[in-house]
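Chemist: Task: produce atomic coordinates for the following.
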Amino acid sequence: MPRRTSTETRAFPAWRRRLALLAALAVAGTTLVAGAVPAGAATTRYQAEQASLSGGAVMATEHAGYTGSGFVGGYTDGNKGAATTTFAVTASSSGPHTLALRYANGTGSAKTLTLLVDGSAQQVTLQPTAGWSTWAAQSAVVTLSAGSHSVAYRFGSADSGNVNLDGLDVTDSGGSSGADYGPGPTFQAEAATLAGGAAVATDHTGYSGSGFVGGFTDGNAGSASITFKVQVTTTGAKDLTFRYANGTGSARTLSLYDGGTRLAQLSLPATASWDTWSTVTHAATLGAGNHDLRLAYGSGDNGNVNLDRLDVTANVPGQPAGPGEAENAYRSGSAAVASSTGGFAGSGYVGGFTATGARVLRTVQAGTTGTATATFTFATPGGARTLDLLVNGRVTGQVAFSSGSGWRTVTASVPVRAGVNTVGLRAANAGNDVLIDSLVVSGETGVAERGATAPYTQYEAEAGTTNGTTLTPSRTYGTVQAESSGRSAVRLDAVGEKVSVTLTAPASGLVVRHSIPDDAAGTGQTSPLAVYANGTKLKDVTLSSAHGWVYGDYPFHNDPALGSAHRFYDELRFEIPEQPAGTVITLQKDSGAVAHIDIDLVEAERVAPALTAPAGAVSVTSHGATSGGGDDTAAFTAAVTAARSAGVPLWIPAGTFHVNTAIQVSDVAIFGAGPWHSVVVGTGRAGGFYATGGGVTIADVAILGSATVRDDENGQAAIEGDFTGETLLQNIWMQHTKVGLWVRPGSRDVLAVGLRVRDTYADGVNLRSGVLNTQVTQSTFRNTGDDSLAMWSDGAAVSGSVFSFNTVQAPALANGLAVYGGGGGNRVEDNLVADTVNAAAGIAVSTRFGVPFTGTTTVQRNTLTRTGSREPNWPAELGALWIYADVHAIDAPIVVRDLTIRDSTYAGVLVSWQKSIRQVSLDRVAITGSGTYGIEAHATGSATFANTTVSGSGTGGLLNDMGFVLDRLGGNSGF
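Modeler: Numbers count the residues shown, from 1 in each chain. Purely as a prediction, here's the structure:
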């Protein structure tokens, strides 16, 4: 269990779902709307090859599966801005009509075209199909008058094109207002079927469509309901997103049904007022056909909410939200998602750039270093506006958003690096608002579906070739295997023994995770290790056990007499002459200095060239800092003061600089030449940076501590702070410090990207009490001495915070990721966790400390491999996913979906213990191989299970010894 630390004493145990259709856009002559269409309405097929083709669009037949005599291709990049297919459509009556475009998209990613109805435009998104011979349909609902109309699909200048078109089905819905089944994706509440006192109203502002539905009052308890009639074309996972207002001041509930089957009790957290709207999403698997999706004020609900609409969108397991959409990017300051202005793509847009400091940042993966083009889709309802362009924390220019009507695009050049970048906008002053619908960077590549997209390639020693000993896999605490990645390693215990791996990509930097024996005093010893490339010796490097090996009970010490040795590993990084792919890297024991060397893994990467200083930056060397010299604390402090006073960045050039305490920073940007080049080394158990206030950026440095043991009173974090806004921490290597990043109580608006946290003595990252709107993404963690990532609501709720796309390996103590209480909007998503060691789950959702849960906590699209472990102090065997009601009951929504659990040490899912647990839902959870039970429940309360499967359990599928209620909603097996 986690034991928390900072400068005060602490002791306690350890995008691609939503590229939706455009919302309502009213223009002269034609109104584009979204709604439902009768299942029995007349449909007319218009073949694309018989339509009017222009701008390079041409008939083709080389892919199978089309209807008619062919299909239309030519929507290639060479025809961007021109390729168009125009259908002459006749509407027999006035009213809503469904336009279902049959298309193929074998590119592997979502593409866009512009739909023009009688010249009125909106952008439509065409999701990828399985191949060029696989066809799908994209539907939009438009209002047409009786008579002839022009319906065209154009590869516009703001589109991504590269699709084929087969035909257009036009369905005349006969003026239906939504009482019949339709394909969506948007269903207005006022057009749905209402019963029991539910009624259309317009007395509050901010709704979409022509009104909203109220009447879910206590007087209508047990009877008020709204039914959306939804037509599903293919069986699959769907997100059901309800837009609502709740001005009561507390969370309210309604029950969701699919026909007669109860799917869930939805919790709808309070909104700021009855004129403020929010959304709640339920993931469900819907079969092909018609569905009556009903929200009811049931006997177990407390109702008293208003409903605006339902959005039904595909939920692709394992996929993040749609790339490029601004509403999926990180936002802070006054920047916020909105949807009241029509015509946007996706589920909304970002506005609120009226105040200084408002910002939106996307994490972008670039394949190569160079200059790319960023394209912004925007609107300026209040007139022209200029915003700062931010790239990797640096202001690289400004983007001018011109005045005008409707959604338009503007481009800017951005200097990107190979790997992870942040690209976005910031308001440098107050002014007119800008609405940002999307931000797309040319040449960006896809990120890993789960876990961090790291700059290195990892090679397991046991998967290489060796004449040493491959250690038998084990999870027994106190063995080196239990702390090894993959639970095995290679031991070199004789001179001449070696282990070799073959590079799959060029590399000039290596990291070796190793363990050598400690000395008798517990202070560590050293050993050389020889490094060869294709048999030629490159160098000897020096391994040390000074940062490994601790003993006794928590918080552990460096005294071997205490016994219970563990935390055997440390990591060494070093550069080598660049080696091409195919090179055999060999690590060899050429000395008898120590009895043995254990090698767990090797990471290899191409070290990026040193970055250059921002224009006008103040260098720490100009104030007396000397690389490799003595104490540079005073020089750093003076340089920070000078940079802040001048309003320019602080520059840490390539070199190794030493500080004896945390450098105090506020309202300043600090840049280094890169974490392989600019290194700040702490003294003893101190060093790093301590931030106060807002406007702090720290990027492109390594912060290496000198700690050898945990010291809660005197140890310092690599970065700690009271952050009040507009903070970016990016591309930072943190090692041998007490904590990697400690975000102090009450902080807000912190974005951490690309952290590499290794060998800390406490947490990797901790969001400590009352933290708001903070995200840690695309970061990697290994051998942390407490939770690798924790949201710790101790005294005040952490809210609106996210851990996403992170990779966690072998935390020495406590959980991979943990959420300890908290307010609404906290999310743990798209992460990988492997090989937890002691007193640990892969993911823990717990009221072990602090405040209870309020609002919704979402755990989605994560993978847990060889996780769970034993808590020896209780004792207890912890599951891969652990939902734990300890100090407080769990009675707020915990949403778990798209979770993969593999080879759990004990239970796959553990639900415990002494307080009740309710409003927990599990959907699409796959538990494959668990040491004991697939699901183990030692609690009172209930949870819903849908599409949850258990297989390969060592003891059985289910243990339920306290009467916990499993509400089985279908699609379950094995328990």
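Chemist: Point out where the stretch 851-975 of the chain drops to low pLDDT.
Modeler: Judged by pLDDT under 70, the stretch 851-975 of the chain has no weakly predicted residues.
Chemist: which residues touch residue 475?
Modeler: 481-482, 487, 866, 869, 905 (Cβ atoms under 8 Å, 6 or more residues apart in numbering). C-betas here are computed from N, CA, C, even on glycine.
Chemist: no, scratch that, I was asking about residue 376
Modeler: Counting by Cβ under 8 Å, 6+ apart, residue 376 makes contact with 399, 401, 409-412, 425, 436, 438-439.
Chemist: hmm, 10 Å instead?
Modeler: Counting by Cβ atoms under 10 Å, 6 or more residues apart in numbering, residue 376 makes contact with 158, 326, 387, 389, 399, 401, 408-412, 424-425, 434, 436-440.
Chemist: and what of residue 950?
Modeler: By Cβ under 10 Å, 6+ apart, residue 950 lies in contact with 901, 908-909, 925-930, 933-935, 956-958, 972-975.
Chemist: What subset of these is buried?
Modeler: Using 16 or more other Cβ atoms under 10 Å as the burial test, the contacts of residue 950 include 901, 908-909, 925-930, 933-935, 957-958, 972, 974-975 as buried.
Chemist: Please report the distance of residue 244 from residue 331.
Modeler: 21 Å (Cβ to Cβ, to the nearest Å).
Chemist: For residue 725, which non-adjacent residue is closest in space?
Modeler: residue 694 (3.7 Å; Cβ to Cβ, 6 or more residues apart in numbering).
Chemist: these two touch, right, the one you found and residue 666?
Modeler: Yes: Residue 694 lies in contact with residue 666 (Cβ atoms under 10 Å); the separation is 8.1 Å.
Chemist: any common contacting residues for the two?
Modeler: Between them, residue 694 and residue 666 share the contacting residues 722-724, judged by Cβ under 10 Å, 6+ apart.
Chemist: Can you tell me, leaving aside adjacent residues, what's nearest to the residue in the chain sticking out farthest from the centre?
Modeler: In the chain, the residue that sits farthest from the middle, by Cα atoms, centre = their mean, is residue 147; the gap is 48.1 Å. Nearest non-adjacent residue to residue 147, counting by Cβ to Cβ, 6+ apart: residue 91, 6.3 Å away.
Chemist: Please name the residues that touch that neighbour.
Modeler: By Cβ under 10 Å, 6+ apart, residue 91 lies in contact with 44, 97, 142-149, 170, 172.
Chemist: Just the closest of those residues to residue 553, please.
Modeler: residue 142 (69.6 Å; Cβ to Cβ).
Chemist: how close does residue 293 get to residue 98?
Modeler: 19 Å.
Chemist: That should have said residue 475, apologies.
Modeler: As defined by Cβ to Cβ, residue 475 lies at a distance of 56 Å from residue 98.
Chemist: ok, now residue 162?
Modeler: 25 Å.
Chemist: Show me what residue 790 is bridged to.
Modeler: In this entry, residue 790 is beta-bridged to residue 766, residue 818, by DSSP bridges.
Chemist: check contacts around it.
Modeler: 2, 4, 14, 763-768, 784, 798, 803, 814-820, 844, 849.
Chemist: The same query, at a cut-off of 7 Å, please.
Modeler: 2, 763, 766-767, 818, 820 (Cβ atoms under 7 Å, 6 or more residues apart in numbering).
Chemist: By pLDDT, give me the weakest of these.
Modeler: Lowest pLDDT of these: residue 2, 38.
Chemist: remind me, longest strand of the chain?
Modeler: strand 917-930 (DSSP state E).
Chemist: which stretches of the stretch 501-650 of the chain form strands?
Modeler: Assigned by DSSP state E, counting those that start in this stretch, the stretch 501-650 of the chain shows strands spanning 507-515, 526-533, 536-544, 570-579, 584-588, 597-605, 618-619, 650-652.
Chemist: Next secondary structure after the last one?
Modeler: Scanning forward in sequence from strand 650-652, with DSSP states H and E defining helices and strands, the next element found is strand 655-659.
Chemist: what's the spacing between that following strand and its chain's center?
Modeler: Taking the mean of its C-alpha atoms, strand 655-659 sits 33 Å from the chain's own mean (Cα atoms, centre = their mean, to the nearest Å).
Chemist: so how far is residue 801 from residue 824?
Modeler: Relative to residue 801, residue 824 is positioned 11 Å away (Cβ to Cβ).
Chemist: Repeat that for residue 654.
Modeler: Look at residue 654 and residue 801: by Cβ to Cβ, they are 34 Å apart.
Chemist: do the same with residue 667
Modeler: 23 Å.
Chemist: Neighbour count: the two, which is higher?
Modeler: residue 801 (23 against 15; other Cβ atoms under 10 Å).
Chemist: quick one, helices of the stretch 51-200 of the chain?
Modeler: Using DSSP state H, counting those that start in this stretch, no helices are assigned anywhere in the stretch 51-200 of the chain.
Chemist: what residue ranges in it score low on pLDDT?
Modeler: 172-179.
Chemist: one more time with 80, if that's ok
Modeler: 94-98, 139-143, 171-185 (pLDDT under 80).
Chemist: the strands in it, which residues?
Modeler: 52-54, 58-60, 71-73, 84-91, 95-104, 111-117, 120-126, 136-144, 147-154, 164-172, 186-188, 193-195, 199-201.
Chemist: Select, out of these, the one closest to residue 310.
Modeler: Between these, strand 186-188 lies closest to residue 310; by Cβ to Cβ that is 4.4 Å.
Chemist: Any idea how far the closest one is from the middle of the chain?
Modeler: 28 Å.
Chemist: Just the pLDDT for the residue nearest to residue 769 when sequence neighbours are not counted.
Modeler: Spatial nearest neighbour of residue 769, excluding adjacent residues (Cβ to Cβ, 6+ apart): residue 745 at 3.9 Å. Predicted confidence (pLDDT) at residue 745: the value is 98.
Chemist: Thanks a lot, catch you later.
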